[in-house]
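*Asks:* sequence and predicted structure are below.
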Amino acid sequence: MWINNNKEQSLVYKPIITDYLTHAQKEDVEGFPSLNADDCAEINRHFTPYIFYRRTSQGRYTCFCTSCNHEFKVNTADYGDIYHAEDIIIRHNYMGTCPCCGAKAEYKAAGYKHVQLNEVVDFVIYKAVKEVVYIYAATIHKDYNEYGTENFDRSPDLWVDFQKLYVLRKGSADVYHSHASFCRIGWCYMIEPMKRKMCSTFNNGFADHRQVYLYKNIIKDTFLKYSGFDCYCCRHYIREYDQERYYTAYAMYPILEMAVKMNCDTMVQDLLWRNKKNYKILNWNATSPKKFFKHLTLNEVKAFLDNHTPARVIEVYQDFKRKGKKKDIFYCRMYSYITDYCTSIEKAGVDPEQALEYLRKVMKHSPEEERCEDDHSEIRRLVKLYDDYANIGLKIGYDFHLKNIAFPRDLNEAHDNAVENFNFMEEERKRKEAAEREEAYKPRYKKLCKKYKGYSYPGIQLVVPENAESIIKEGKDLRICVGGYASRHCSGVTTILFIRKPSDLDKSWFTIEIDNADHIVQCHGFKNEQAKDPLTGKKLEKPEIIKAFEVNFQEWLNSQKKLTKRRKAS
């Protein structure tokens, strides 16, 4: 809570338990400078100010400003009052000025119930002790609703949720987080060190509330002034709200400043966001630019940075270099693309180097009208085409150990033939599955025909669907969703019947669904009777003959159930 005693302000936190920390870690946590009265006043300044007033007599008011925590009196009738303002209007929700601190604030009547006068602000506070930089992150809640009571407390209802504490030294960094825990002394904070140190200040990765930085200018007097954050932030690769992540990385790896200035953006992003150090090609503990890149000359480094080459491509280049193979950046990019994204080529057992050499030959003989504008786009198009060819070829059983299959003379023709064969096999598979379903449906079809053969109604003929395709066709003709019930009907989960006019049995009219308990579930016609008459514009309704049929058909189904029970009983 907030203590305001003789203008001395301080924050009282929940008890902090550090039993699980080592001696050095305890010194880090306890070494954070406590917030003094000036700090509390600075924190309070960033909350929305209000002036709570109470009328004591005609024209006399006692006011209390939440910005400076001072009480003052206003007498609108006495022009000699030092707090009197000639044009002052003290009224609920009116704006005014505090005579003590000059803050523009909104008047609120004390003694009345207030709601939604609570405010939450995320604070990031920078402190420095010699060469150690402390970054304290906390969510501070301030509740003014208590001011609505008649005997309101002058101290605001304020509490602090500690989030993280960064302890940064040149060459090392430690980050501590907290979680609330209940113990014998009540609620307290358990402080624990974090394994992943490069993290966002607040637990959700970004500020849910308004975020305020206090005393950030102190870093100009510490080792962080050389971090190069402003240069990196200007290129929009990191948000302002995540600068603590950057400062932590710089404290651990001072070479980060050089990496930023050398435009190693992809490597820096890997380090900050993925905690990926790319140790195969980079040495983050290096003390000079020459030692930062492993096994690369300065000319090679310059070429990679000029082309904005990803770290994965540089790894491929180094692998070839160790094997004694000299490959250019373009080749390494394509090789990396094949190995990382083209999974079908790998599944087919084709060597990526052989595949790339084959595709470069194909590119030379590609017709001009089919080529992309540049070689890079063209080879990527051919890689995708070849990967798709390998994917389809595996599905239809191609043997890619054969040279004419793995490396066809005409890739486009081979791809088209593979697609044609695949489509033919798919159609044949679907035809066989449909024939099997139809064969399995025949006993149920005969049973349904026998069951509903004995029912008749004037002007209506019931038709049992012959197969699933006929139900799908019915749904398309009537523009309803009955086609989705085809498999359920064939398997016996539900029953679909067509309602036809005896004079035109081939034309769709209405469709009815019956559950296994012989209850009518639904009966609908064209567009579920949601269509409108083109002449009148009114919604079409079920014909009276269909409504009468539903009642009669349900009665018949009930009578058939009773008849079946009697037969079983006898």
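*Replies:* Cool, the structure landed.
*Asks:* residue 493 belongs to a helix?
*Replies:* No. Counting by DSSP: H, G, I helix; E, B strand; the rest coil, residue 493 is not part of a helix but coil.
*Asks:* ok, now which ones touch it?
*Replies:* Neighbouring residues of residue 493 by CB atoms under 8 Å, 6 or more residues apart in numbering: residue 516. Bear in mind the C-beta positions are built from the backbone N, C-alpha and C, glycine included.
*Asks:* show the pLDDT at it.
*Replies:* pLDDT, the model's per-residue confidence, is 93 for residue 493.
*Asks:* do the same with residue 4
*Replies:* Residue-level confidence at residue 4 comes out at 47, pLDDT.
*Asks:* and for the one 5 residues further on?
*Replies:* What the model reports for residue 9 is a pLDDT of 51.
*Asks:* show me where this structure dips below the pLDDT cut-off.
*Replies:* Within the chain, the set of residues satisfying pLDDT under 70 comprises 1-15, 77-88, 113-115, 145-158, 180-187, 203-208, 231-239, 533-537, 570.
*Asks:* please parse it into its domains.
*Replies:* Following automatic domain parsing, the chain resolves into domains at 2-181, 214-325, 330-421, 454-569.
*Asks:* dump the ones you listed into CSV; add distance to residue 429 as well.
*Replies:* Shown next, in CSV, are the domains of the chain (distance: least, CB to CB, whole Å):
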stretch, distance to residue 429
domain 2-181, 56
domain 214-325, 39
domain 330-421, 11
domain 454-569, 16
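*Asks:* and the longest helix seen in the chain, how far out from the chain middle?
*Replies:* Identified as the longest helix of the chain according to DSSP state H is helix 411-452. Computed by CA atoms, centre = their mean, to the nearest Å, the chain-centroid distance of helix 411-452 equals 40 Å.
*Asks:* which other helices and strands contact it?
*Replies:* Applying 3 or more CB pairs under 8 Å, 6 or more residues apart in numbering; DSSP states H and E, we find helix 411-452 packed against helix 375-395, helix 468-478, helix 486-491.
*Asks:* got the buried residues for the shortest one?
*Replies:* Using 16 or more other CB atoms under 10 Å as the test for burial, helix 486-491 gives 486, 489-490.
*Asks:* figure out which of the helices and strands packed on helix 411-452 is closest to residue 499.
*Replies:* helix 468-478 (10.4 Å; CB to CB).
*Asks:* what sits up against that closest one?
*Replies:* In contact with helix 468-478 (CB under 8 Å, 6+ apart) are residues 434, 437-438, 441, 465, 481-487, 489-490, 496, 498, 508, 511, 524-527.
*Asks:* who's in contact with the closest residue to residue 385 other than its chain neighbours?
*Replies:* For residue 385, ignoring the flanking residues on the chain, the nearest one in space by CB to CB, 6 or more residues apart in numbering is residue 415 at 6.0 Å. For residue 415, the contacting residues are 385, 388-389, 392, by CB under 8 Å, 6+ apart.
*Asks:* just the buried ones from those, in ChimeraX syntax?
*Replies:* Selection of buried members from the contacts of residue 415 for ChimeraX, criterion 16+ other CB under 10 Å:
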select :385,389,392
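*Asks:* got a markdown table for the contacts of residue 415, with distance to residue 549 too?
*Replies:* Putting these into a markdown table (distance: CB to CB, whole Å) gives the following:
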| residue | distance to residue 549 |
| --- | --- |
| 385 | 59 |
| 388 | 54 |
| 389 | 58 |
| 392 | 52 |
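*Asks:* tell me the one of the contacts of residue 415 nearest residue 100?
*Replies:* Distances from residue 100 to these, taken by CB to CB, are shortest for residue 388, at 75.1 Å.
*Asks:* hang on, the closest one packs against residue 344?
*Replies:* Yes. In terms of CB atoms under 8 Å, residue 388 counts as a neighbour of residue 344; the distance is 7.4 Å.
*Asks:* ok so, going back, which one of the helices and strands packed on helix 411-452 lies closest to residue 286?
*Replies:* helix 375-395 (31.8 Å).
*Asks:* which residues touch that closest one?
*Replies:* Residues outside helix 375-395 that contact it (CB under 8 Å, 6+ apart) are 330, 333-334, 337-338, 342-345, 347-348, 350, 355, 358-360, 362-363, 366, 371-372, 400, 405, 411-412, 414-415, 418-419, 422.
*Asks:* where does the residue nearest to residue 301 when sequence neighbours are not counted fall, phi/psi-wise?
*Replies:* Spatially, and ignoring its direct neighbours in sequence, residue 301 is nearest to residue 293 (5.0 Å; CB to CB, 6+ apart). Main-chain dihedrals, residue 293, degrees, to the nearest 10: phi -90, psi 130.
*Asks:* who does residue 293 bridge with?
*Replies:* residue 282 (DSSP bridges).
*Asks:* how much space between it and residue 349?
*Replies:* 34 Å (CB to CB, to the nearest Å).
*Asks:* angle of the longest helix of the chain against helix 468-478?
*Replies:* Interaxial angle, helix 411-452 versus helix 468-478 (axes from the mean of the first three to the mean of the last three CA atoms, to 10 degrees): 90 degrees.
*Asks:* by how many degrees do helix 411-452 and helix 375-395 diverge?
*Replies:* Using the same axes, to 10 degrees: helix 411-452 against helix 375-395 is 40 degrees.
*Asks:* enumerate the positions of the helix or strand that comes right after helix 411-452 that are buried.
*Replies:* For helix 411-452, the following helix or strand on the C-terminal side (DSSP states H and E) is strand 461-463. Buried positions in strand 461-463, judged by neighbour count with 16+ other CB under 10 Å: 462-463.
*Asks:* same question, stretch 395-415
*Replies:* Buried residues in stretch 395-415 (16+ other CB under 10 Å): 398, 400, 405-408, 411, 414-415.
*Asks:* how long is it end to end?
*Replies:* End-to-end distance for stretch 395-415: 13 Å, by CA to CA, to the nearest Å.
*Asks:* now it: how far from the chain's centre is it?
*Replies:* The answer for stretch 395-415 is 41 Å, by CA atoms, centre = their mean.
*Asks:* and stretch 558-570, by the same measure?
*Replies:* The answer for stretch 558-570 is 59 Å, by CA atoms, centre = their mean.
*Asks:* who does residue 189 bridge with?
*Replies:* Counting by DSSP bridges, the residues bridging with residue 189 are residue 16, residue 180.
*Asks:* in its sheet, what does the host helix or strand of residue 135 sit against?
*Replies:* Counting by DSSP H and E, the element that carries residue 135 is strand 132-143. Strand 132-143 sits in its sheet next to strand 118-129 (antiparallel), strand 157-169 (antiparallel), going by DSSP bridges.
*Asks:* buried ones in it?
*Replies:* 132-140, 142.
*Asks:* tell me how far that strand lies from the chain's centre.
*Replies:* 27 Å.
*Asks:* ok, stretch 287-304 next?
*Replies:* 37 Å.
*Asks:* pull the residues that contact it.
*Replies:* Stretch 287-304 has contacts (CB under 8 Å, 6+ apart) with 255, 258-259, 262, 280-284, 286, 313-314, 317-318, 321-322, 329.
*Asks:* now, these that are in helices?
*Replies:* Using DSSP H, the contacts of stretch 287-304 in helices are 258-259, 313-314, 317-318, 321-322, 329.
*Asks:* quick check, nearest of those residues to residue 63?
*Replies:* residue 259 (56.1 Å).
*Asks:* three-state assignment of the closest residue to the closest one other than its chain neighbours?
*Replies:* Excluding its sequence neighbours, the residue lying closest to residue 259 (CB to CB, 6+ apart) is residue 268, at 5.5 Å. Under three-state DSSP, residue 268 falls in the helix class.
*Asks:* appreciated, that's everything.
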